[in-house]
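In: quick check, what structure comes out for this input:
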Amino acid sequence: MTTLVELFDRSPIENIIGSLALKPDVTVFVGTDVRRMQRALPAYEAILRGRGIKTELLVRSAARSDLESTVAVLDALLDDRSDEPDEVCAVDISGGDETALLAVGAILGSRAGEKRNLYAFRCGPITRQATIFRMDRTSEGHLSITKEQIDYTEKGESPLYLTVDEMVRLHGGIIVSRSQTISPGAEEEEDIEALWRISKRACADWNTLIGRMSAEVSRSVGEEGVWAIPHSSFGSGKNRLNRAFFDELADAGLIRVTEQNGDMILFTYKNKIVRECLTKAGSILEYHTYCTALDLRRGGMSVYDSAAIGVVLDWDGNPNGTKNEVDVVLVRGVVPVFISCKNGDIDVDELYKVDTVAGKFGGTLSRRVLLSTVFLDPESKGFAGPGAANTLEERAHDMSVRTISAVHRMKDGELGDALANLVKQ
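Out: Below is the predicted model of the structure:
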């Protein structure tokens with residue numbers, strides 16, 4: 001039987017990483033705030049059960065900043081859990097405050113040389129490289145420490161990671177909705193790239209075109225999946241739609257014209273994702289980013305373990321509570337990346353939004369990203385101007401929000417490199 005002693009930490013990721021890695025029979029959380037620990041257990045248990053890990057979760061109270069009391073609690077716990085010859089006890093030192101870590105060090109040192117299977121465990125959440133520390137005594141009574149390394153990356157025997165859904169649940173939230181997911185290599189990826197090639201030629205104009213088109217298009221009466229647009233919508237006037245744009249979409253197979261009568265053109269969208277991108281101007285940049293991340297591989301391995309797009313997050317499950325939408329969420333191992341995609345103007349409030357959401361649902365490990373096309377690019381129509389651009393860049397830097405700009409002018413592979421570098425070890 002294996003027991004893991006977990007020093008309760010403010011970071012939920014630090015609290016669950018040991019149980020995910022070691023899959024113990026029992027995990028005992030030791031901390032000063034029993035209510036907070038008990039509130040956290042249902043989310044931890046749900047994630048572990050979802051992985052088929054049947055670890056029993058318990059809590060033990062220790063006095064705050066009281067070394068003697070903490071040592072006594074840990075000592076008693078280890079005694080209770082070390083009676084049987086085949087009992088294994090691990091103490092996770094990945095998290096916890098200074099007092100708890102000092103107490104663990106004192107206990108492991110004092111118990112070195114005892115005939116029991118007791119060790120300390122530490123796993124780096126970014127590297128996913130773990131170390132097991134075993135302490136013993138030499139014949140002369142000197143303390144000796146041996147170390148064993150374990151690799152929990154994709155190349156290891158048991159990869160350590162969280163999905164986007166697990167990451168949100170771990171931090172007390174719920175995913176209310178999301179945009180349609182895509183499997184790597186699916187046909188929809190080709191559709192997205194076809195739309196991206198059209199849109200990136202003039203991102204600012206794309207927003208205008210999509211706005212006009214979505215305003216003019218309506219469902220065709222009595223025909224499921226068929227849409228109608230008036231011939232009168234096209235022309236060269238200020239509020240008219242460019243017919244060449246519509247025809248280019250048809251030539252690329254993204255829409256299919258089924259009938260043209262005196263007043264209306266009837267057509268169908270190739271699929272739901274194409275329709276979303278042709279009715280919501282910002283969707284094409286989001287899907288281009290999402291698909292690029294899905295396909296990213298380094299050393300033969302996927303860079304990201306999980307990805308989601310158009311994620312609406314509920315902070316606490318309260319119907320009238322706070323909700324936020326994040327354009328793209330990625331997870332590598334247990335490191336989350338929250339990306340705001342902007343294909344046009346950017347309000348400085350966007351930095352605060354992505355910072356707040358990343359802090360709530362990913363904690364200190366989160367990467368915060370503002371990804372854009374024209375707003376910060378001096379060579380593009382839609383450039384904000386040096387004053388506004390510099391202000392936004394400086395504010396982003398101060399808030400640790402990384403910026404990836406001029407995506408529409410990137411060569412093949414450049415966006416992938418930028419996304420991979422967000423979680424570079």
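In: who does His123 bridge with?
Out: Small correction: residue 123 is Cys, not His. On the basis of DSSP bridges, Cys123 takes part in beta bridges with Ala130.
In: so where do the strands sit in the stretch 101-250 of the chain?
Out: In chain order, the stretch 101-250 of the chain shows strands spanning 117-123, 129-137, 143-151, 174-177, 218-219, 227-230, with DSSP state E, counting those that start in this stretch as the criterion.
In: which other residues reach the fifth one?
Out: Defining contact as Cβ atoms under 8 Å, 6 or more residues apart in numbering, one finds that strand 218-219 is touched by 226-229. Where C-beta positions appear, they are placed from N, C-alpha and C, glycine not excepted.
In: got it, and stretch 406-416?
Out: Residues external to stretch 406-416 that are found in contact with it (Cβ under 8 Å, 6+ apart): 199-200, 203, 285, 288-289, 292, 295-296, 371-374, 376-377, 379-380, 404, 418.
In: looking at the contacts of strand 218-219, which is nearest Glu56?
Out: When those are ranked by distance to Glu56 (Cβ to Cβ), Trp227 comes first, at 55.4 Å.
In: tally of neighbours for the closest one?
Out: Summarising burial for Trp227: neighbours were counted as other Cβ atoms under 10 Å, giving 20.
In: same check, this time on the one 5 residues further on
Out: Around Ser232 sit 11 other residues, with neighbours defined as other Cβ under 10 Å.
In: give me every residue that touches it.
Out: For Ser232, the contacting residues are Asp263, taking Cβ under 8 Å, 6+ apart as the criterion.
In: one more time with 10 Å
Out: 216, 240-241, 263-264 (Cβ atoms under 10 Å, 6 or more residues apart in numbering).
In: okay, who's weakest in those residues by pLDDT?
Out: Here the lowest pLDDT out of the contacts of Ser232 sits on Arg240, with 85.
In: which residue ranges form the helices in the stretch 51-200 of the chain?
Out: Assigned by DSSP state H, counting those that start in this stretch, the stretch 51-200 of the chain shows helices spanning 67-80, 98-111, 164-170, 187-199.
In: for the top helix by length along the chain, the distance to its chain's centre please.
Out: As far as residue count goes, and with DSSP state H defining each element, the longest helix of the chain is helix 34-50. A distance of 20 Å separates the centroid of the chain from that of helix 34-50, by Cα atoms, centre = their mean, to the nearest Å.
In: pLDDT on stretch 322-337, on average?
Out: Per-residue pLDDT values across stretch 322-337 average out to 96.
In: still on that earlier bit, relative to Met301, which of the helices of the stretch 51-200 of the chain is closest?
Out: Checked against Cβ to Cβ, the stretch from those lying closest is helix 164-170, at 18.6 Å.
In: so which elements touch that closest one?
Out: Under the contact definition 3 or more Cβ pairs under 10 Å, 6 or more residues apart in numbering; DSSP states H and E, helix 164-170 sits against helix 12-22, helix 34-50, strand 174-177, strand 306-314, strand 323-332, strand 335-342, helix 349-362.
In: before we move on, the earlier item: which one of the contacts of strand 218-219 is nearest Ile126?
Out: Checking those against Ile126 by Cβ to Cβ gives Trp227 as the nearest, at 47.3 Å.
In: for Arg197, see how far away that closest one is.
Out: Taken as Cβ to Cβ, to the nearest Å, the spacing of Trp227 relative to Arg197 amounts to 23 Å.
In: orientation of the strand or helix carrying Ala396 relative to helix 349-362 in degrees?
Out: Secondary structure assigned from DSSP states H and E places Ala396 in helix 386-398. Orientation of helix 386-398 against helix 349-362 (axes from the mean of the first three to the mean of the last three Cα atoms, to 10 degrees) gives an angle of 20 degrees.
In: so which elements touch the helix or strand of the chain with the lowest mean pLDDT?
Out: Among the helices and strands of the chain, helix 98-111 carries the lowest confidence by mean pLDDT, DSSP states H and E, at a mean of 80. On a contact count with 3+ Cβ pairs under 10 Å, 6+ apart, helix 98-111 meets strand 2-7, strand 26-31, helix 67-80, strand 88-92, strand 117-123, strand 129-137, strand 143-151.
In: I'd like these as CSV, with mean neighbour count and distance to Phe245 appended.
Out: As requested, the helices and strands packed on helix 98-111 are exported to CSV (neighbours: other Cβ atoms under 10 Å; distance: least, Cβ to Cβ, whole Å):
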stretch, mean neighbour count, distance to Phe245
strand 2-7, 25, 58
strand 26-31, 23, 58
helix 67-80, 17, 68
strand 88-92, 24, 58
strand 117-123, 20, 52
strand 129-137, 16, 51
strand 143-151, 12, 51
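In: a markdown table please, covering those and showing distance to Thr268 and mean pLDDT.
Out: Rendered in a markdown table, the data for the helices and strands packed on helix 98-111 read as follows (distance: least, Cβ to Cβ, whole Å; pLDDT from 0 to 100):
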| stretch | distance to Thr268 | mean pLDDT |
| --- | --- | --- |
| strand 2-7 | 55 | 90 |
| strand 26-31 | 54 | 92 |
| helix 67-80 | 65 | 82 |
| strand 88-92 | 56 | 87 |
| strand 117-123 | 51 | 87 |
| strand 129-137 | 51 | 85 |
| strand 143-151 | 50 | 85 |
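In: right, I'll leave it there.
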